[in-house]
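Novice: I'll drop the sequence and a predicted model, then ask my questions.
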Amino acid sequence: AKKWQRRDNPYHAVGDARYPYVLTTYRLTEHHAGGIPTRMVSTTAELQPEGFAEIPPELAREKGIENLDWVVISTARGAIETRALVTERLWPLEIDGRRVFQIGLPWHFGWEGYATGDIANTLSAIVGDPNTTIHEGKAFTCDLRKGRLVRR
């Protein structure tokens with residue numbers, strides 16, 4: 001992987017206990033394009049109007065999170081708030097004999113337009129694909145808590 005070592009682009013150390021979950025970003029069927037075209041089209045925003053994070057039921061129980069609660073997802077780079085979608089679609093991973101939970105986060109949403117919500121890219125450090133150096137921050141580690149961000 002191509003890495004850019006900069007103060008504003010921190011990477012997590014392998015096994016950093018502050019970020020115990022795997023986060024994967026993905027595209028929604030309802031939002032067939034990238035963030036900007038999706039957020040600015042009222043008909044696709046009507047199908048899926050605001051951001052959310054998919055959280056497996058077992059992790060949600062551990063954290064006291066219920067469907068549609070506000071949650072905060074954080075990394076060394078930043079933090080976002082979004083609604084919880086508690087779903088059985090995500091299963092924990094088994095890594096080195098440890099159970100590691102996954103969190104799913106669609107990346108279409110933004111602060112302006114019709115489909116709103118915090119931006120997934122706030123969380124991801126910039127890492128380049130080893131062949132092309134195109135940004136490939138699609139899966140990384142994070143923390144999760146119930147609640148909202150304090151915004152000033």
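Specialist: Alright, I've got the coordinates. Residues are numbered from 1 along each chain as shown.
Novice: correct me, but residue 41 touches residue 114?
Specialist: Yes: counting by CB atoms under 8 Å, residue 41 does reach residue 114; the two are 7.0 Å apart. For every residue, glycine as well, the C-beta is placed using N, CA and C.
Novice: which residues touch the closest residue to residue 117 other than its chain neighbours?
Specialist: Once flanking residues are discounted, residue 117 sits nearest to residue 51: 2.5 Å by CB to CB, 6 or more residues apart in numbering. By CB atoms under 8 Å, 6 or more residues apart in numbering, residue 51 lies in contact with 82, 83, 105, 106, 108, 109, 115, 116, 117, 118.
Novice: nearest to residue 138, of these?
Specialist: residue 105 (10.2 Å; CB to CB).
Novice: can you list contacts of the one helix or strand that closest one maps to?
Specialist: Taking DSSP states H and E as the criterion, residue 105 maps to strand 102-106. Residues from elsewhere that reach strand 102-106 (CB under 8 Å, 6+ apart): 21-28, 31, 48, 51-56, 59, 73, 82, 89-93, 120, 123, 142, 144.
Novice: where in the chain is pLDDT low?
Specialist: Applying pLDDT under 70 to the chain flags residues 32-35.
Novice: again, only this time at 50
Specialist: Along the chain, segments meeting pLDDT under 50 are nowhere present.
Novice: Which parts of it are strands?
Specialist: 2-3, 21-26, 52-55, 70-74, 79-86, 93-95, 98-100, 102-106, 127-128, 139-146 (DSSP state E).
Novice: any idea how far the nearest residue to residue 80 once chain neighbours are set aside lies from residue 96?
Specialist: Nearest residue to residue 80, sequence neighbours excluded (CB to CB, 6+ apart): residue 118, at 3.5 Å. Distance, residue 118 to residue 96, using CB to CB, to the nearest Å: 31 Å.
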